[in-house]
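S.K.: coordinates only, no sequence provided:
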């Protein structure tokens, strides 16, 4: 091994980091096709082969050694180890062989911004194709670690020359070769549409192989199943659509099977929520008979008829596994046939009434794609269940030119065994789909050791890491499986500006979510003196953070998020969460969201007040936020809430009226979310408010018009008109109005207007400076005794 350290100028280091974040120096045209918005946190040190590879150019080594650079990015690295493993890529055989260790060495850590040149020996490789994995593993402190994996493919020719390909280059070449074979067959006979040439192969599982449960840690009541996506236009053009006629009650054939893959632990586990397409192989174009999705045990089944056409002897059936559903897709993002797809063997001439069991099969090639898919499926399922928000379909590219989110989730070839990084990037996708203005991150290089980050960057990255940790609950960010990882649960940093540190942001969100209580033990690197993470019994659910606080709105910093989140918390959650924010060195602010309803609720016991507020939130979520006019009313309240609160403080005689209105709409919220009560209410067909509630509301509106600022008086007039309307309005009238407004948005190609909790009118901004308001807000977050 050759090793020497070089001082790296700052500008050169920045260039290397850009390469790591985007493509590990792969600067091809595909990498430049879209801007990078969000990347994973960099490890303290990483590997790069510089600019030797691009999407257009391969690299031929001048000797049997691969030169690489180890780039140091942080101080305090205790040890570094480099290892290289290879495995032969044998055509026609499944990718099940374990790699063998080729080389291993220790590397002495150096100062930040230095790089070491190393040479990985490659002697003794026979002609053929090899997969090379070079892994850099490091230790930091007593119990933290990191790693970086570089995957390259080596083609050794008959003369012993070694050609180096990146995973993306190899993918491009493979797709081009499949397309070439298809085109050659078409040119020889244009009647042919040999789509099977475009797919990989499945293989029977070895007889002695056992299948573990990939979803053992996912509760059964939280396992969602999906629908397969439609065929791509290219495949539709080159096949016959028989989905509408493939089943009749006569001559039924039952087809079933199970699909699995080998996970990072070496176990075979179910391949969940993949599209299974059933085909009838025909001479001049295969028939597409239908599609289903595999369940959480990897199983699938079809029933079709045996109508194979005139002069045929029964259907000739095969199936394909495709990584493309209504919620996810994963492909190379450069192939006309679309996402990854593997084909089974063909079973010819089915007899009537046959039960065709394909048995348990695995993908024969691109096993890493199946691993990435499994991680993405778990992340989507977690967002939709624990997070209460289904972001819709998010596409993925693997192997990508780097690991980043730019509207698609791009995963670099070496990150197949980094489920934390993959889930982190999905977290960026969730944020982008939840927010009305997308992910606020400006992008760029970043790491857990940074202090003074752009606050939008630290919020976006901290959220993505925290989202990952609510699913993968070990309290650490592991760049690759088994590397020790960066501790987030006990995050330690000298940075005392929490909102400009992605590590502090992630730690704060995790502390709110989990039940583990932290204290600094006198070490301010762990947290602020006089505060702690002691929220057992008052934790904050992911759904409260995501569905209730983020969806439909926009936050550029963690403090903006916290201000809105506090308005969604109960009287016991809020003080505990405020203490968590203080502990993680966040700026001490008094959250002001939804303060008017909290002023009115202070006259009630905590439990009763929390119940009223919970019902109001249900009314907001189900009656107001799903349609434009409802969002306008919600935003009217948000922009005036502090000033309304101050009017209530000045006029305590209004509190009974305020509570009467709040209780009414809280009960409406409960009705809208309880089927039996909703059916009874619809049958009664009464007005949405009673005369008593209307009178109470009008007394409040009159006081706002009398005491309020110009902006509040203007909005009070709007409220007066709305309450007059509600006195004469039935639920069906509101439903019709909402449907018309939503249809108009669709016709215009627009989405719902954003929720604006913190765009206060001038009168509300002034109200927040009033001492009575400040005292109230301080009491709302004070620890309970």
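M.R.: Perfect, I can see it now. Predicted model, so just to flag it, every value in this text is computed and none were measured.
S.K.: quick one, what contacts the spatially most central residue of the chain?
M.R.: Against the mean C-alpha coordinate of the chain, by CA atoms, centre = their mean, the closest residue is residue 426 at 2.5 Å. With contacts defined as CB atoms under 8 Å, 6 or more residues apart in numbering, the neighbours of residue 426 are 376, 379-380, 383, 394, 409, 467. Bear in mind the C-beta positions are built from the backbone N, C-alpha and C, glycine included.
S.K.: state the helix or strand in which it lies.
M.R.: Using DSSP states H and E, the element containing residue 426 is helix 419-434.
S.K.: for the record, mean pLDDT for that helix?
M.R.: Averaged across helix 419-434, pLDDT comes to 98.
S.K.: just give me how far it sits from the chain centre.
M.R.: Per CA atoms, centre = their mean, to the nearest Å, the displacement of helix 419-434 from the mean C-alpha position of its chain is 3 Å.
S.K.: next: stretch 443-451.
M.R.: 20 Å.
S.K.: same question, stretch 347-362
M.R.: On the basis of CA atoms, centre = their mean, stretch 347-362 sits 37 Å off its chain's mean C-alpha point.
S.K.: next one: stretch 383-397
M.R.: Distance of stretch 383-397 from its chain centroid, counting by CA atoms, centre = their mean, is 6 Å.
S.K.: can you list contacts of it?
M.R.: So stretch 383-397 is in contact with 222, 224, 229, 325-333, 372-373, 376, 380, 408-411, 426, 429-430, 433-434, 467, 470-471, 541-543, 545-548, 550-551, going by CB under 8 Å, 6+ apart.
S.K.: in ChimeraX, how would I select the buried members of those?
M.R.: A single ChimeraX command selects the buried members of the contacts of stretch 383-397 (16 or more other CB atoms under 10 Å):
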select :229,325,327,328,329,330,331,332,333,372,373,376,380,408,409,410,411,426,429,430,433,434,467,470,471,541,542,543,545,546,547,548,550,551
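S.K.: what about the contacts of stretch 383-397, which are in helices?
M.R.: Within the contacts of stretch 383-397, membership in helices is found for 372-373, 376, 380, 426, 429-430, 433-434, 467, 470-471, 542-543, 545, as judged by DSSP state H.
S.K.: ok, so of those, who is nearest residue 355?
M.R.: Using CB to CB, residue 373 is the member of these that lies nearest residue 355, at 28.7 Å.
S.K.: residues in contact with the closest one?
M.R.: Contacts for residue 373 were tallied using CB under 8 Å, 6+ apart; they are 271, 274, 323, 328, 330, 340, 396.
S.K.: show me what the strand or helix carrying residue 610 is packed up against.
M.R.: Element membership for residue 610, per DSSP H and E: helix 606-619. Under the contact criterion of 3 or more CB pairs under 8 Å, 6 or more residues apart in numbering; DSSP states H and E, helix 606-619 touches helix 595-601, helix 655-672.
S.K.: including distance to residue 460, could the ones you listed go into JSON lines?
M.R.: Conversion of the helices and strands packed on helix 606-619 to JSON lines gives the following (distance: least, CB to CB, whole Å):
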{"stretch": "helix 595-601", "distance to residue 460": "27"}
{"stretch": "helix 655-672", "distance to residue 460": "32"}
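S.K.: okay, those, which one's buried deepest?
M.R.: Here the criterion is mean neighbour count by mean count of other CB atoms under 10 Å, and of these the winner is helix 595-601, at a mean of 24.
S.K.: averaged over its residues, what pLDDT does that one have?
M.R.: Per-residue scores along helix 595-601 average to 92.
S.K.: show me what that helix is packed against.
M.R.: Using 3+ CB pairs under 8 Å, 6+ apart as the contact definition, the elements that helix 595-601 packs against are helix 606-619, helix 628-650, helix 655-672, helix 771-781.
S.K.: could you check how far residue 190 is from residue 234?
M.R.: Here residue 190 is placed at a distance of 16 Å from residue 234 (CB to CB, to the nearest Å).
S.K.: more crowded one of the two?
M.R.: When residue 190 and residue 234 are compared for neighbours, residue 234 comes out ahead with 16 against 9, by other CB atoms under 10 Å.
S.K.: ok, and the closest non-adjacent residue to that one?
M.R.: The spatial neighbour of residue 234 that comes closest, neighbours along the chain excluded (CB to CB, 6 or more residues apart in numbering), is residue 336 at 4.3 Å.
S.K.: swap in residue 504?
M.R.: By the measure of CB to CB, 6+ apart, the closest residue to residue 504 outside its immediate chain neighbours is residue 498, 3.8 Å from it.
S.K.: residue 96 too?
M.R.: With CB to CB, 6+ apart as the criterion, residue 96 has its nearest non-adjacent residue at 6.4 Å, and that residue is residue 262.
S.K.: in the sheet, who's paired with the one you found?
M.R.: Bridge pairing for residue 262 (DSSP bridges) gives the partners residue 268.
S.K.: pLDDT wise, what is it at?
M.R.: Per-residue confidence at residue 262 stands at 94 (pLDDT).
S.K.: that one reaches residue 367, doesn't it?
M.R.: Yes: counting by CB atoms under 8 Å, a contact exists between residue 262 and residue 367, whose distance comes to 6.1 Å.
S.K.: between those two, which is the more surrounded one?
M.R.: Ranked by neighbour count (other CB under 10 Å), residue 262 and residue 367 place residue 262 first, with 19 against 16.
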